[in-house]
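Colleague: dropping a prediction and its sequence here:
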Amino acid sequence: MTITIYHNPDCGTSRNALAMIRQSGEEPEIVEYLKRPPARDTLIALIKAMGMTPRALLREKGTPYAALDLANPKWSDDELIDFMIAHPILINRPIVVSPNGVKLCRPSEAVLELLATDIGQFVKEDGEVVPPRTPGARAG
């Protein structure tokens with residue numbers, strides 16, 4: 001199975017999702033999107049595949065979201081995508097692409113829905129225990 005993770009190594013949620021992917025036996029393609037932002041058409045395709053809007057993908061914390069007045073409804077989807085391309089930190093993460101779908105994996109255990117195998121119990125960086133889950137099962 002080929003898995004890609006749009007990853008920020010400074011983000012605990014992203015690190016946890018990556019660790020869960022690796023615990024499944026997969027070594028994903030890692031795209032450090034702050035260093036290698038997705039092309040506009042790729043970002044649009046990811047948003048569409050996740051079934052969300054550009055506004056729903058915007059990250060507020062630790063970004064220029066407020067300074068750019070992105071909460072203002074005047075911005076069109078195309079304009080919000082332009083902002084994300086210009087400021088990749090605005091793209092929420094981690095985004096995981098697998099043969100089982102594309103998902104913004106917040107919380108990190110959302111990645112379990114995309115994995116082909118059960119990873120067993122997983123302990124996040126903060127000590128939170130994620131119980132074993134049947135592969136492909138939706139979180140409750």
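Modeller: Structure received.
Colleague: most remote residue from the protein's center?
Modeller: Distance from the C-alpha centroid of the chain peaks at Lys74, with 25.6 Å (Cα atoms, centre = their mean).
Colleague: tell me which element that one is part of?
Modeller: Of the helices and strands defined by DSSP states H and E, none includes Lys74.
Colleague: phi first, then psi, for it.
Modeller: Per-residue torsions, Lys74: phi -70, psi -20 (degrees, to the nearest 10).
Colleague: ok, it to Leu43 distance?
Modeller: Lys74 sits 21 Å away from Leu43, taking Cβ to Cβ, to the nearest Å as the criterion. For every residue, glycine as well, the C-beta is placed using N, CA and C.
Colleague: and Phe83, by the same measure?
Modeller: For Phe83, the distance to Leu43 - Cβ to Cβ - is 11 Å.
Colleague: for Val97, list each beta-bridge partner.
Modeller: In this structure, Val97 bridges to Thr4, Val102 when assessed by DSSP bridges.
Colleague: and the pLDDT at it?
Modeller: Val97 carries a pLDDT value of 98.
Colleague: cool, the one 5 residues further on as well?
Modeller: On pLDDT, Val102 comes in at 98.
Colleague: my read is that it contacts Ala49, right?
Modeller: Yes - taking Cβ atoms under 8 Å as the definition, Val102 is a contact partner of Ala49 at 3.8 Å.
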